[in-house]
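**Q** sequence below, structure please.
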Amino acid sequence: MRRTTWVVAVALAVVLVPNALAVCRTDPTSTYDVSTLKLSSTRPDINANLFDYGIIFEDSNEPSCAGFASVALYKKVRATLNHPYYKDPRLNNKLVGPYQGWLEGGNVALVYASALRLGPNGKLTKPLADLLDQISYVRNIDADCGFTTNRKGQTNAWTQNNSCMDDWSIAASGHAWTAAWRYARMKSSTLINSAADAAKTAISNALNITESVCVHKYNEPLPSPAPAAGPCTGQVADLNNSNVALALGLHDGEAVPYGLGLLTSIANADVALDYARRPKVYSADEKTVAAALYLNGDYRTTWTSGSAVFKKNCYKFGLVGTTMTRTATYDCSGNFGGGSYQPEMFPVRDFLVKRVGITAFAFNYDFTDFQSNLFCDNPANPDCIFWSPGRRAIYGTLARDWVNARPHLEADLSDYQVTFKTYDGVHYLSARYGGGNYIHAEATAPSTYETFSMVDENGGSLMSGDTVYMQVHEGQYISADQGGGGDVVAVYFTPVIWERFIIEKTWGTGQIVPGDPVALKTLYGYYVSAVNEGGGEVTARYRGVVTWEVFTIDF
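**A** Have a look, this model is predicted:
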């Protein structure tokens, strides 16, 4: 067909990418890419990925950065789901899949909490939501933790000073936020309840005295020979009198961050369960254990130069022959990084009072304050990979801020599911193989490969002149290669400049509704064309609108 111009719609425009001037750490132009899966050998690096998810979570809460965070979350989750199964040494080399490794619950919690904030901020797309539905979180508990025996069948597990409270509390977080996500996505009650019940079970196991919280009768002589549970021989009733027994978290030795500190994960799990309308009801024993962890944390805190710090008089237990040993010179911070855990990282008082229902008390420190400056954002600093935005989010934002005032959470989608029929009235724009290849116009019926997720950058009603970007089935974005003048492809996973189009009504102005004829202009002034009005190649070589450039939109 000869191209004769009957509509000329060439206009010069400067279109700035939203958020380009904002300080958004998920911006793809940043020097550090949070959207990639970080590995330690063949398995995901727990701390490095938690660092990334923390940044994504914080940007998801910032409206001006949520668009970048949405793309980064999609890419990171997709990369994780595509990673092969691997053997996890912390699980006795058990073969595990994506989001099923040791302590993965924290990552899962931040994934879903981020998504539920992207919804209210207008940046949760259908491809992202569908991808998150594919996550199959499975809790797996450290094979070495416990008191009497561990999951390897070894006895005297207590000699490793490694309780299971971190495993169970972080699992509770992962399960609870899975329940919250399923609730927001209006999944079946069976699916919501299964995740919520798993979270409640994990909370109960995190507060049990069998393998998670060591009840130690410190005012009695050490039994000899050492019993099967070592120092952890007390009962819950003993905790009602702090002169008889203490509730200890064990991690190499008695460590407050691995007792009271892990209540932060239980607190953020509680937030998620409350949102999912499946609140946890704490038993009398669970309240007693939680209160005792709080009291012991207070005992082990002091003031130095006006700052709260953990003492260095905690217990460490061992075994010489059949005799149990105990010293009282262990760093109560857990001796991690020279004792870098600080009391102002664990603001759990409000959770214990408002949600668990205990009477808070304090002699030295009440665990209310939270100091975000104890965490850092520089990925080049190895310390920051541990003291990361992910821990800042879990310890502070989710465990205190959202306990007191949970923000609006929802899974409402912000994108349009669109199809474009070519001018011949027969064919549709289509992503070959669903993505990773050219856009063509050979399909004669709209199906999966012909349906695109289209985001209107400025939100609101879709108007002629709005800037949009479109994601195909496999996650790539429709792109005018080099910004126009050549092919139209779907090979890139980040919508930058080439992936942005100005959508225009070819007749009239104003709001675009289903059935309207539209054109798609690149930011460099070229229009998407279905050669010969459809049936074959799609390009972006022309700067005017004729029949090849006209498409009927449906959504």
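
**Q** longest helix of this protein?
**A** helix 165-184 (DSSP state H).

**Q** how about it as CSV, C-alpha atoms only?
**A** Only the C-alpha atoms of helix 165-184 are listed here, as CSV (Å, rounded to 0.1, in the frame of the first residue of the first chain):
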residue,chain,number,x,y,z
MET,A,165,14.0,-19.0,68.0
ASP,A,166,15.4,-17.1,65.0
ASP,A,167,14.3,-19.8,62.6
TRP,A,168,10.8,-20.0,63.9
SER,A,169,10.2,-16.3,64.4
ILE,A,170,11.5,-15.4,60.9
ALA,A,171,9.4,-18.3,59.5
ALA,A,172,6.4,-16.7,61.2
SER,A,173,7.1,-13.5,59.4
GLY,A,174,7.2,-15.2,56.0
HIS,A,175,4.1,-17.2,56.5
ALA,A,176,2.1,-14.2,58.0
TRP,A,177,2.9,-11.9,55.1
THR,A,178,2.0,-14.7,52.7
ALA,A,179,-1.4,-14.8,54.4
ALA,A,180,-1.6,-11.0,54.1
TRP,A,181,-0.8,-11.1,50.4
ARG,A,182,-3.3,-13.8,49.7
TYR,A,183,-6.0,-11.9,51.7
ALA,A,184,-5.3,-8.8,49.6
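
**Q** packing partners of it?
**A** helix 105-118, helix 189-206, helix 263-275 (3 or more Cβ pairs under 8 Å, 6 or more residues apart in numbering; DSSP states H and E). C-beta here means a position set from N, CA and C on the backbone, and glycine is covered the same way.

**Q** okay, the angle between the shortest one and helix 165-184?
**A** So the one you mean is helix 263-275. 20 degrees (axes from the mean of the first three to the mean of the last three Cα atoms, to 10 degrees).

**Q** which parts of helix 263-275 are buried?
**A** By neighbour count on 16 or more other Cβ atoms under 10 Å, the buried set for helix 263-275 is 263-275.

**Q** now that helix: average pLDDT?
**A** Averaging pLDDT along helix 263-275 gives 98.

**Q** report the angle between the helix or strand following it and helix 189-206.
**A** Counting by DSSP states H and E, the next helix or strand C-terminal to helix 263-275 is helix 284-299. Helix 284-299 runs at 50 degrees relative to helix 189-206, counting by the same axes, to 10 degrees.

**Q** export helix 284-299 as CSV, just CAs?
**A** What follows is helix 284-299, C-alpha atoms only, in CSV (Å, rounded to 0.1, in the frame of the first residue of the first chain):
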residue,chain,number,x,y,z
ALA,A,284,-0.9,-17.6,78.9
ASP,A,285,2.4,-19.5,78.6
GLU,A,286,3.4,-17.5,75.5
LYS,A,287,2.7,-14.2,77.3
THR,A,288,4.8,-15.4,80.2
VAL,A,289,7.8,-16.3,78.0
ALA,A,290,7.5,-13.0,76.0
ALA,A,291,7.4,-11.0,79.2
ALA,A,292,10.4,-12.9,80.6
LEU,A,293,12.4,-12.3,77.4
TYR,A,294,11.6,-8.6,77.8
LEU,A,295,12.7,-8.6,81.5
ASN,A,296,15.9,-10.4,80.7
GLY,A,297,16.7,-7.9,78.0
ASP,A,298,16.2,-5.1,80.5
TYR,A,299,18.4,-6.8,83.0
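
**Q** remind me what the helix or strand following that helix packs against, helices and strands.
**A** Remark: after helix 284-299, the chain's next helix or strand is strand 301-304, criterion DSSP H and E. Contacts defined by 3+ Cβ pairs under 8 Å, 6+ apart place strand 301-304 against strand 307-310.

**Q** buried sites along the strand it packs on?
**A** For strand 307-310, by 16+ other Cβ under 10 Å, it's 308, 309, 310.

**Q** got it, and stretch 45-61?
**A** Those would be 46-61, for stretch 45-61 by 16+ other Cβ under 10 Å.

**Q** check stretch 520-527 too.
**A** Per 16+ other Cβ under 10 Å, stretch 520-527 contains these buried residues: 520, 521, 522, 523, 525, 526, 527.

**Q** what of stretch 422-436?
**A** 422, 423, 427, 428, 429, 430, 431, 432, 434, 435, 436.

**Q** what about the helices in this structure?
**A** 46-60, 66-81, 105-118, 126-133, 165-184, 189-206, 263-275, 284-299, 349-351, 382-386, 389-392, 402-404.

**Q** of the ones you listed, which shows the lowest average pLDDT?
**A** Mean pLDDT is lowest for helix 382-386 among the helices of the chain, at a mean of 93.

**Q** and that helix, what does it pack against?
**A** Using 3+ Cβ pairs under 8 Å, 6+ apart: helix 382-386 touches helix 46-60.

**Q** mind exporting the C-alpha coordinates of the helix it packs on to CSV?
**A** Output of helix 46-60 as CSV, limited to C-alpha atoms (Å, rounded to 0.1, in the frame of the first residue of the first chain):
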residue,chain,number,x,y,z
ILE,A,46,20.9,-14.1,52.8
ASN,A,47,22.2,-10.8,54.0
ALA,A,48,22.9,-9.3,50.6
ASN,A,49,19.4,-10.0,49.3
LEU,A,50,17.9,-8.7,52.6
PHE,A,51,19.8,-5.5,51.9
ASP,A,52,18.2,-5.2,48.5
TYR,A,53,14.7,-6.0,49.7
GLY,A,54,15.0,-3.4,52.4
ILE,A,55,15.8,-0.7,49.8
ILE,A,56,12.9,-1.9,47.6
PHE,A,57,10.6,-1.8,50.6
GLU,A,58,11.6,1.7,51.6
ASP,A,59,11.2,3.0,48.0
SER,A,60,7.8,1.3,47.7
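
**Q** please state the offset of that helix from the chain centre?
**A** 7 Å (Cα atoms, centre = their mean, to the nearest Å).

**Q** stretch 138-149 too?
**A** Using Cα atoms, centre = their mean, the offset of stretch 138-149 from its chain centre is 24 Å.

**Q** circling back: and of the helices of the chain, who's closest to residue 251?
**A** For the helices of the chain, the distance to residue 251 is smallest for helix 165-184, at 7.4 Å, taking Cβ to Cβ.

**Q** what angle separates that closest one from helix 105-118?
**A** 30 degrees.

**Q** may I see the buried residues of helix 165-184?
**A** So for helix 165-184, counting by 16+ other Cβ under 10 Å, buried means 165-184.

**Q** neighbours of residue 215, how many?
**A** By other Cβ atoms under 10 Å, 23 other residues sit near residue 215.

**Q** show me the contacts for it.
**A** 209, 232-236, 238-239, 245-248, 292 (Cβ atoms under 8 Å, 6 or more residues apart in numbering).

**Q** got the contact list for the closest residue in space to residue 469 that isn't next to it in sequence?
**A** Counting by Cβ to Cβ, 6 or more residues apart in numbering, residue 469 lies nearest to residue 495, which is 4.0 Å off, once chain neighbours are set aside. Counting by Cβ under 8 Å, 6+ apart, residue 495 makes contact with 71, 455, 469, 471, 477.

**Q** and residue 495, what's its pLDDT?
**A** Residue 495 is given a pLDDT of 96.

**Q** ramachandran coordinates for it?
**A** phi -80, psi 100 (degrees, to the nearest 10).

**Q** for residue 202, see how far away it is.
**A** 38 Å (Cβ to Cβ, to the nearest Å).

**Q** rewinding a little: mind putting the buried residues of stretch 422-436 into a markdown table with pLDDT?
**A** What follows is the buried residues of stretch 422-436, written out as a markdown table (pLDDT from 0 to 100):
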| residue | pLDDT |
| --- | --- |
| 422 | 98 |
| 423 | 98 |
| 427 | 98 |
| 428 | 98 |
| 429 | 98 |
| 430 | 98 |
| 431 | 98 |
| 432 | 96 |
| 434 | 97 |
| 435 | 97 |
| 436 | 97 |
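
**Q** farthest-apart pair in those residues, please.
**A** Pairwise distances across the buried residues of stretch 422-436 (Cβ to Cβ) peak at 26.8 Å, for the pair 423 and 436.

**Q** and for residue 226, nearest residue in space, chain neighbours not counted?
**A** residue 324 (3.8 Å).

**Q** who are the neighbours in contact with that neighbour?
**A** Residue 324 touches 222, 223, 224, 225, 226, 230, 231, 317, 318, counting by Cβ under 8 Å, 6+ apart.
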